[in-house]
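Novice: Provide a 3D model corresponding to the input given below.
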Amino acid sequence: MVHTFSGCVLGSAEECDLDELLATRLVSFLMDHQESILSVPEYLRSAISDHIQYLRAVQVPMDGVSNVQASDEVCAPMPIYAFCRQISGAEFEQQKLESSQKAMEELLEMLLTNQNMSEKDRRKKLKQFQKQYPDIYSRRCPSSDKKSKNNTKPKIKPPLLTIKKTKAFSIRN
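Specialist: Next up, the predicted model:
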């Protein structure tokens, strides 16, 4: 019987490709191990049961249901499907900019408020952030930006002002 139906089980477009001995051995192997081959894997069963338990646990109360006691609410399972709508290229670019700006603002806030970071590392990372994203940094820390504008003039150190001019050395003198 295995020899008769092996051609049907492993049928191909070209009959010459089918090796009868190999086909017979493969079909007999499939028949011997059909329970393990055709059974649903345990990890898949557990994932499905976990998902079903989650759907039963997370329920949204339905509005407008009458004749229901307060303790006996009628609930509908939380929907798990999400639908997308197509957006234009300009809208995509705008969303991309907004989300990246928001992420960078969150990163700056984390740098400013992280208690586990040393003060030296914090300053170093903030300077690096200020170089890379000056507009975001200036929005969050406008006072430090004003200081940096005031400090753009070069400062001359006091000892350099007190140097006396000496007579220039010359060969003719």
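
Novice: how about the strands in this protein?
Specialist: Listed in chain order, the strands found in the chain under DSSP state E are 59-61, 75-77.

Novice: Just the residues contacting the longest helix along the chain, thanks.
Specialist: The helix of greatest length in the chain, counted in residues with DSSP state H as the criterion, is given as helix 89-113. Helix 89-113 is contacted from outside by 87, 117, 122, 125-126, 129, 133, 136-137, 139-140, using Cβ atoms under 8 Å, 6 or more residues apart in numbering. Any C-beta I mention is one placed from the backbone N, CA and C, and that applies to glycine too.

Novice: ok, so of those, who is nearest Glu42?
Specialist: Distances from Glu42 to the contacts of helix 89-113, taken as Cβ to Cβ, are shortest for Ile87 (41.3 Å).

Novice: Just give me the neighbour total for the closest one.
Specialist: Taking other Cβ atoms under 10 Å as the criterion, the count of residues near Ile87 is 11.

Novice: List phi and psi for it.
Specialist: With angles defined as degrees, to the nearest 10, Ile87 shows backbone torsions of phi -120, psi 160.

Novice: Now it: closest residue in space that isn't a chain neighbour?
Specialist: Using Cβ to Cβ, 6 or more residues apart in numbering and skipping the chain neighbours, the partner closest in space to Ile87 is Gln95 (7.5 Å).

Novice: just Tyr137 next, same as before
Specialist: Gln130 (4.5 Å).

Novice: Where do the domain boundaries of this structure fall?
Specialist: According to automatic domain parsing, the chain is divided into the following domains: 1-57, 93-150.
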